[in-house]
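Novice: fold the following for me, if possible:
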Amino acid sequence: MAEIAADEENDGASDGSGSEAGFFDMGDDKDDVQLMREVLQKVSRWTKLEDKREHLENEHKAQAELDAGRGAYLPEVQTHLEEVASRNQIFNVREAFAMLSRELSDMMRDKSMPCTIDAVEDDAYHWEIAFKGFDPSSLLAQDLEELEQRHGQSAVVLRMEFKRGLHPFYPPAIRLLRPRCAAPLLGALSSHPMLRLRNWDPWRPQRDLIQQLRLFLQSHARICIESALNAPGVENAYLDIEKLLAKLEALTGVLPAGHQQFEAIYSGRLTGVDEQHLLALAPSNKRPKTADAHRRAWAAGTGYSSGHHSAGPVWDVQKARLAQSAQDAELKRVFSLLASAMAPRQSARSSARASAKPRSSERADMSSDEAAQAIRESCLVPFLEAELSQASFTDMGNRSMYYVDLLRVVSCLAVPKHASLLFTSQTPAAATEKGKTVFGNLCTLQRQASHFLSVLQASRHPTTPPVASAAAPQDEHAAAVEENTVKQMAERIIQTHKQAQSLEAGQRHGSATSDSQGPVAGSDEAYVAAMRPLQLGFLEGIASNHKYREKPRAEGAQPRPRTVRLGKEIASLSADLPLSPTSSVFVRVDEQNATLWRALITGPAGTPYSGGCFMFDIYFQPEYPSVPPLVLITTTGGGSVRFGPNLYNCGKVCLSLLGTWSGGRGEGWDLSVSTTLQVLVSIQSLIFVDEPYYCEPGFEAQMHTATGNKASKAYTLDIREQTMHWAIWQQMKSPPKGFEDVVRTHFKQRQKHVRETCQQWVDEATADNAACAPRMAKFLRDIKQELAKR
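Specialist: Numbering: from 1, shown residues only. As a prediction, this is how the structure comes out:
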């Protein structure tokens, strides 16, 4: 590849004698010779620009190393997709430049090309392509003919921009410049599947890509002949807002609203993607490996095992965070520009500009019908619905400035003319799900933001005099900065929700009777509807009988890092806690001290814990989140019952996330990504399992053997008895404080399942002549009596 760069440099540096004479000695006519001279001059200018870039980069590296006081240079942060492409890169920057510039110069010399190509401002990574010579029978050719007669335009012009340092392993970005074509061509072209990394063939000549783009345009482009934006003198035929929406579609891959009516365009984009060829290009070492037998037998991070095992690479948290930040920065720029473009202007200025001649740089105004239509038909609302529905407040807090700009865009939609976009789902898959609209998601986030601000407010009034902070000064400073940015985001959420809520009444036409019947009693939907309001609550007096009640009294101060982190986690719980009839999690937070939590987990169906209510006390040490929370199970029959290898009768919970079990790589607590929600879900799904016997140290070796099956059955039988006694009957008799409604509603909604499950357990115990069968039969009678009261 070095030879390629050298050859290209020699071409560009030619002085017209020697090699240049040989280059032209082909019997070409004067026009051909002149064309070649012009191309070589351009290649020389491209090379000079590249040399200048390299020089500046080297200076930057040297300065960075000097500033850092060490030999390590911190590279530019890349998005996840860029980082994937970078791992595959086998060329240095100079080699990649030589390859790309040679392709460009070859096409510029080729008169058979159905287009003209040139580098924009001598940048070989930035091409402008003008397509002509479409099939005369095509509608596009006919449109161009009419456009030429009216306005003198006879070509379809687009820009192609390559990523320096990642070519040829990263696809270029495509942008249509002119003429103005009917929607959704602008976004459909920018987000073409060929230009997505998973479909990108690094060895495909750019000539072929250009040909595929030409065929796509020929088949699907229709020119808006009557549009004033196609008039002479208009440099760009698209509004700023349209270009931004197309870029959003290209960055996210989200299809626009109503894309079904353009099925021909979007299905037509699939041509040119050779999936079998791309699969063959995938390196064998990138393909997933089969986990070993130990990993198949074990639930990672639970109980004991015969040693530490690793199956494949461990997730690099820091690299993932940097990639997310880079991707956020790219989208954040789009959000910021969108919000500016969508913000209404003063009517006087709008009127003045509306009467003026259109300009390519003119900002799109929300009063413009074209801009409003572009928003309705774009991917913006489907993207917002998906992004907000998947948002966890904890994650949002870690990316607060990204979401602040996103919410600025939502706020721009919260005006009467566009209110319907907030209250009507634009995503077909979510159209039948309540709360999946932008406004429905805002309502959920508003509750979370309020919880976060409540925790901050409570921390301002400590119950004990402050002694000293457990956090280092630099940690306190970082937490103060984070608190400020997350608080800004929370206030933005509440403000945006309030703005949208003021428009809600006008959007209720005909919706009052749509869900009047409600869910069927006893159904899964009825359980979820009844239990959801009970999942998270603040309770006064938890500390009075909490297992860790003495610890907050001894610590005094409220370290800011812990307060901010707890605020984000508590805010997320209202939306993220698992909720289903088969197993759910409920949390109560001490109203005066957010470091004390109490959790109730219902035993998953199909396990010996099925239907039971298991209580846990949780405390967050001053060093949190640098250390995991302290967790104890309190459903132990007064210390008489061990509910499995991971749940001791003394209350200890054995879990690698908690540091009470040394799991494999990547299974321990990581302050960057680990949360208490993960702890609760791990208990629910990894400890409350169908055969807990095999979580005993070394017992996994007996799995699927006659000896193991017999021992596991006996072990499970004992846990079933204790579940009936302590987690079902006792909880119904004396529900824990703060969870009375949870326990009462849970057993009311699930009484049929609980009754049938307990009956099955008793029948199986009786059939096996188990010693515990009479006791279980008595518990069943007691349980039925309690259920009859529901």
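
Novice: thinking Asn230 is in contact with Glu146, fair?
Specialist: No: if you go by Cβ atoms under 8 Å, Asn230 and Glu146 don't touch, sitting 10.6 Å apart. In this view, the C-beta of every residue, glycine as well, is placed from N, C-alpha and C.

Novice: so for those two, which sits in the more crowded spot?
Specialist: Asn230 (20 against 11; other Cβ atoms under 10 Å).

Novice: check contacts around that one.
Specialist: Leu147, His151, Gln153, Arg178, Pro179, Arg180, Ile223, Cys224, Ala237 (Cβ atoms under 8 Å, 6 or more residues apart in numbering).

Novice: so which of these are in helices?
Specialist: Leu147, His151 (DSSP state H).

Novice: of the contacts of Asn230, grab the buried ones for ChimeraX.
Specialist: Those of those that count as buried under 16 or more other Cβ atoms under 10 Å are selected in ChimeraX with:
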select :147,153,178,179,180,223,224,237
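
Novice: what touches both of Asn230 and Glu146?
Specialist: Ile223.

Novice: what about Val415, how many residues nearby?
Specialist: Neighbours of Val415 (other Cβ under 10 Å): 15.

Novice: typo on my end, Ala767
Specialist: 9.

Novice: please enumerate the strands of this structure.
Specialist: 115-120, 123-131, 156-161, 173-178, 536-539, 585-590, 596-602, 613-619, 630-633 (DSSP state E).

Novice: including distance to Glu569 and mean pLDDT, could those go into TSV?
Specialist: Formatted as TSV, the strands of the chain follow (distance: least, Cβ to Cβ, whole Å; pLDDT from 0 to 100):
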stretch	distance to Glu569	mean pLDDT
strand 115-120	48	96
strand 123-131	44	97
strand 156-161	41	96
strand 173-178	38	95
strand 536-539	11	94
strand 585-590	10	97
strand 596-602	10	98
strand 613-619	11	98
strand 630-633	14	98
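
Novice: which one of these lies nearest to Asp51?
Specialist: Asp51 lies closest, by Cβ to Cβ, to one member of these: strand 123-131, at 11.9 Å.

Novice: contacting residues around the closest one?
Specialist: Residues contacting strand 123-131 (Cβ under 8 Å, 6+ apart): 46, 49-50, 97, 100-101, 104, 114-120, 155-164, 167, 177, 210, 213-214, 217.

Novice: could you redo the last one with a cut-off of 6 Å?
Specialist: 46, 100-101, 104, 115-118, 120, 155-162, 164, 214 (Cβ atoms under 6 Å, 6 or more residues apart in numbering).

Novice: next: stretch 576-592.
Specialist: Looking at what lies outside stretch 576-592 - Cβ under 6 Å, 6+ apart - the contacts are 392, 463, 524, 527-528, 535-540, 542-543, 570, 573, 596-602, 604-605, 677, 680, 684, 738, 742.

Novice: buried sites along it?
Specialist: Within stretch 576-592, the residues that count as buried by 16+ other Cβ under 10 Å are 576-579, 581-592.

Novice: before we move on, back to that, any chance of the contacts of Asn230 in a markdown table, plus distance to Lys713?
Specialist: Formatted as a markdown table, the contacts of Asn230 follow (distance: Cβ to Cβ, whole Å):
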| residue | distance to Lys713 |
| --- | --- |
| Leu147 | 80 |
| His151 | 83 |
| Gln153 | 81 |
| Arg178 | 75 |
| Pro179 | 75 |
| Arg180 | 73 |
| Ile223 | 74 |
| Cys224 | 73 |
| Ala237 | 74 |
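
Novice: out of the contacts of Asn230, which comes closest to Asp369?
Specialist: Cys224 (13.5 Å).

Novice: how close does the closest one get to Leu185?
Specialist: 10 Å (Cβ to Cβ, to the nearest Å).

Novice: then Arg164?
Specialist: For Arg164, the distance to Leu185 equals 28 Å [Cβ to Cβ].

Novice: these two: which is more packed in?
Specialist: Neighbours per residue (other Cβ under 10 Å) separate Arg164 from Leu185, with Leu185 holding more: 21 against 18.

Novice: which residue sits closest to that one, ignoring its sequence neighbours?
Specialist: For Leu185, ignoring the flanking residues on the chain, the nearest one in space by Cβ to Cβ, 6 or more residues apart in numbering is Ala221 at 5.4 Å.
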